[in-house]
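Asks: need a 3D model of the following:
(2 chains)
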Amino acid sequence: MSAAAAALRPAAMSVLRGAAALLVVAALWEGLVIATGVKPYYLPRLSVILQSIAQVPDAYIAGFLRTASETLLGFSVGAVVGVFNGVVFSQSRRLREVIFPLFVISQTIPVIAFGAVVVLWFGNTILAKAVIAFYLTFFPVTVNTLNGIESVDPRQVDLLRSFGASRFKLMRQLLLPAALPQIFVALRLACTLSLLGAIAGEWFGDTVGLGVLLLQAMYNEQVVALWAAILVAGLLGTTFYGLVALAEKKFVFWKAEQT
Amino acid sequence: MTIRRLLTLLACTATLAVAQLTPAAAADAKAQVKASLRLKWLPQTQFAGFYYALEKGYYKQEGIDLTINPGGPNLLTENLVATGADTFGLSGGSDSVMAAIDKGMPIVSVGVAHQITPFVFVTRKDGPVKTLKDFEGKKVTTWFTGANYVLFGMLGNEGIDRAKVDIQPQQVSVTPFVNGDIDVVTATWYNELNTIKGRMKADDLKYFVAEDYGITFPRDTLIVSRDTAAKQPQLVEGFLRASIRGWRDAMANPKEAVDIVMKTSPTLDRAHQEAMLTEAYRLMTSGKAKTEGLFTIDPVALQKAEEFLLKNNVLTKKVDVSVAFDDRFLKAIPMQDRLP
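Replies: As a prediction, the model looks like this:
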């Protein structure tokens, strides 16, 4: 067996295990609904839900893509701004004392209260949703970046300084890499939060998106369509989370060795 | 020589043709004014006429580049129009328009879609509620976004103390009523009533209709900001003309109208939407609209609504109905173009 194949094997196995678990859940869902005779109003059969998606696939594909782009846009900007904030705060105590409390206050306001205002400002644009996704994303990334940087062993910092490392070099070569595992914890958290933000943003009068499909199904009492939207949203969330976890594995390759 | 003559002829023709075409094309391009219509709810055939007019280019022909923005549970159309975020709005109804004006919002209604009360109160035929008086001590759910006033008005006109009725806010679903957990549920003729009929036998239902108890709340009001009404009367008039044309043609081609709405929201239930269109149009063509045309403003019904809202402290002061509801834009359109 080659080394590459050996490296691939665990990943392939975990995908297979995931697929097997999904199939079991699907079979259980279908079987239990039929066996117990639950009214379709409370829980429709999985096959019925999948059929309803297959009937108007375009609507779900368009919704998936739209919500995915809003999420990704908000997430990316939130991640970059979050890391930047963390770095700046770790360097300037004063800035941190002035700005950080404002961030905390901003985060205590429920995002739903902001939604209507954001729509007034940005209209029914993709930007409006990205802004809400951003709003939910940047804060956890800021906090975790800062924590990660501050938990670096000061002796390591001193050592590099004694060799004449500049502030920039210190950040690039020691502090940020050391904070990376912490940052990724925040990113995994942020990918669910940004999806939540995008969907909530779509509840303020948009026409395309998974949030729109959810809202329409909910208020029209179309239970099957509601579950269909939930499933597609779940698919988006899981895919996104998986990609972030994959990136983590690639960039924080030493984490697996440590534990 | 012949070639030269031919060329000259061609050049002349071309110049003439360009001269003929240019003004028309230029007028077409410059006349388009960007505007938006904010609906009171999610896309459905309750708004079919507007979607129909948009799809068929009726707004374009009036020089309006219109965007239709859906409403939703978290949006207040009056706010969005008052702040200028949206040009036009199809808002809650006579109650929400007057309440907004009472709060000082600079809006004016230029047309009323639903001429009669769109709400109906539904109970089981074999249940304990036989008359309005029987509402006392029973569980009644209603929406506190306008339907509650209709209920209060009906009870008041019959001399029933509403404190004795167990009135609770109604949630999204009609399931509690279908399951028998509540006695009376509020429904709109065009939406929830269809849902209820889909899950119970229509023969098992009994209705309490507002008009039978002397109450009429015209709803689904078209609004613009006072600024738009003053500065762009042509825009308002054009919008009304295209919308009325959209509604009339949608009702002439109901299947196509449902198709157009479902293009916006493909997951909607077709049968439900078809039934909704019929009922919504019935509400639009009831009362004065039969003789005065679609979107007509009935000052008598509105005056009664105003007095009722004032008495029930929804309004803090008198609202001048003739100012709040301005029918000069409608009046500018010939009657035969407005009749249903």
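Asks: now do the phi/psi pair for B:Leu330.
Replies: Torsion angles at B:Leu330 (phi, psi; degrees, to the nearest 10) stand at phi -60, psi -40.
Asks: what's the neighbour count on it?
Replies: 24 (other C-beta atoms under 10 Å in any protein chain shown). Where C-beta positions appear, they are placed from N, C-alpha and C, glycine not excepted.
Asks: got it, and A:Leu120?
Replies: By the measure other C-beta under 10 Å, the count of residues near A:Leu120 is 17.
Asks: and it, what does it touch?
Replies: By C-beta atoms under 8 Å, 6 or more residues apart in numbering or on different chains, the contact list for A:Leu120 reads B:80, B:83, B:85.
Asks: was I right about B:Phe50 contacting B:Ser243?
Replies: Yes. Under the criterion of C-beta atoms under 8 Å, B:Phe50 is in contact with B:Ser243, at a separation of 5.9 Å.
Asks: and B:Leu37, that one's in a strand?
Replies: Yes. Inclusion of B:Leu37 in a strand is indicated when DSSP: H, G, I helix; E, B strand; the rest coil is applied.
Asks: what sits opposite the residue nearest to it when sequence neighbours are not counted in the beta ladder?
Replies: Spatially, and ignoring its direct neighbours in sequence, B:Leu37 is nearest to B:Phe88 (4.4 Å; C-beta to C-beta, 6 or more residues apart in numbering or on different chains). Beta-bridge pairing of B:Phe88, defined through DSSP bridges, involves B:Leu37, B:Val224.
Asks: contact partners for B:Phe88?
Replies: Residues in contact with B:Phe88, defined by C-beta under 8 Å, 6+ apart, are B:35-38, B:81, B:222-224, B:239.
Asks: what residue ranges in the chain score low on pLDDT?
Replies: In the absence of a named chain, chain A is used. Within chain A, the ranges that satisfy pLDDT under 70 run A:1-8, A:255-259.
Asks: chain B, not that one
Replies: Residues of chain B meeting the criterion pLDDT under 70: B:1-30.
Asks: domains of it?
Replies: Here the domain parsing of chain B from automatic domain parsing is B:31-116+B:218-337, B:119-213.
Asks: how long is the first one end to end?
Replies: Using C-alpha to C-alpha, to the nearest Å, one end of domain B:31-116+B:218-337 lies 23 Å from the other.
Asks: from the chain's centre, how far out does that domain sit?
Replies: Mean-position distance between domain B:31-116+B:218-337 and its chain equals 4 Å (C-alpha atoms, centre = their mean, to the nearest Å).
Asks: and the gap between A:Lys249 and A:Gly242?
Replies: 11 Å (C-beta to C-beta, to the nearest Å).
Asks: A:Phe204 too?
Replies: 29 Å.
Asks: swap in B:Arg226?
Replies: Relative to A:Gly242, and taking C-beta to C-beta, B:Arg226 is found at 53 Å.
Asks: run through the strands of the stretch 101-250 of chain B in chain order.
Replies: Per DSSP state E, counting those that start in this stretch, the stretch 101-250 of chain B has strands spanning B:107-114, B:119-124, B:139-142, B:166-169, B:184-188, B:205-209, B:219-225. These are given in chain order.
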